[in-house]
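Enquirer: sequence and predicted structure, then a few things I'm wondering about:
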Amino acid sequence: MTEIDTSEFKRRFPNLAKEIELGSGTFDVDGVNGADIFRKARDSFAGYMPTAIDYLRRCDNEKQAEETIDYLEKKGEITGEEAGQLRKKLKEQGLRSFGTRKENEYYLKKSGYG
């Protein structure tokens with residue numbers, strides 16, 4: 001059995017680690033070794049980096065979406081041009097034009113833990 005330390009998990013899965021740290025919900029882990037959860041999560045999302053759309057799908061309203069776009073642009077994760085396109089789509093088509101809302105524990109559920 002391969003184990004993964006906390007710092008490596010955070011490096012590979014920064015958003016999933018934030019969800020776990022923030023305690024954004026609960027889930028049962030009956031009869032499963034904690035290392036198994038990390039290994040399965042690692043396998044399910046190996047190399048996956050959320051896109052701006054993934055972050056926008058977490059937003060509850062357009063104000064949060066605007067703040068998210070501003071943040072991603074400021075951090076250099078999206079260009080000014082991309083930010084402008086996202087803002088235009090948000091204004092013209094609304095928040096849900098990016099897709100349905102990703103609920104808490106979305107990645108855990110997609111991995112079969114929810």
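Expert: Perfect, thanks for sending it. Residues are numbered from 1 along each chain as shown.
Enquirer: any stretches of the protein with poor pLDDT?
Expert: The chain contains residues with pLDDT under 70 at 1-2, 22-46, 111-114.
Enquirer: where do the helices sit along this protein?
Expert: 6-12, 14-22, 34-44, 52-56, 62-74, 80-93, 106-110 (DSSP state H).
Enquirer: residues near the nearest residue to residue 53 once chain neighbours are set aside, how many?
Expert: Spatial nearest neighbour of residue 53, chain neighbours left out: residue 98 (5.2 Å); criterion: C-beta to C-beta, 6 or more residues apart in numbering. All C-beta atoms are positioned from the backbone trio N, CA, C, and that covers glycine. Other residues within reach of residue 98, judged by other C-beta atoms under 10 Å, total 20.
Enquirer: same question, residue 94
Expert: Neighbour tally, residue 94, other C-beta under 10 Å: 11.
Enquirer: again with the one 10 residues further on
Expert: Each residue near residue 104 was counted by other C-beta under 10 Å, and the total is 14.
Enquirer: cool, and residue 86?
Expert: Residues lying near residue 86 (other C-beta under 10 Å) number 21.
Enquirer: what of residue 7?
Expert: So residue 7, with other C-beta under 10 Å, has 9 neighbours.
Enquirer: now do the one 5 residues further on
Expert: Residues within reach of residue 12, counting by other C-beta under 10 Å, total 18.
Enquirer: any idea how far it is from residue 63?
Expert: Distance check for residue 12 against residue 63: by C-beta to C-beta, to the nearest Å, it reads 31 Å.
Enquirer: quick check: closest non-adjacent residue to the residue positioned nearest the centre of the chain.
Expert: In the chain, the residue lying closest to the centroid (C-alpha atoms, centre = their mean) is residue 15, at 4.9 Å. Leaving out its chain neighbours, the residue that sits closest to residue 15 by C-beta to C-beta, 6+ apart is residue 50, at 5.5 Å.
Enquirer: same check, this time on residue 56
Expert: Among residues not flanking residue 56 along the chain, residue 98 sits closest, at 4.6 Å (C-beta to C-beta, 6+ apart).
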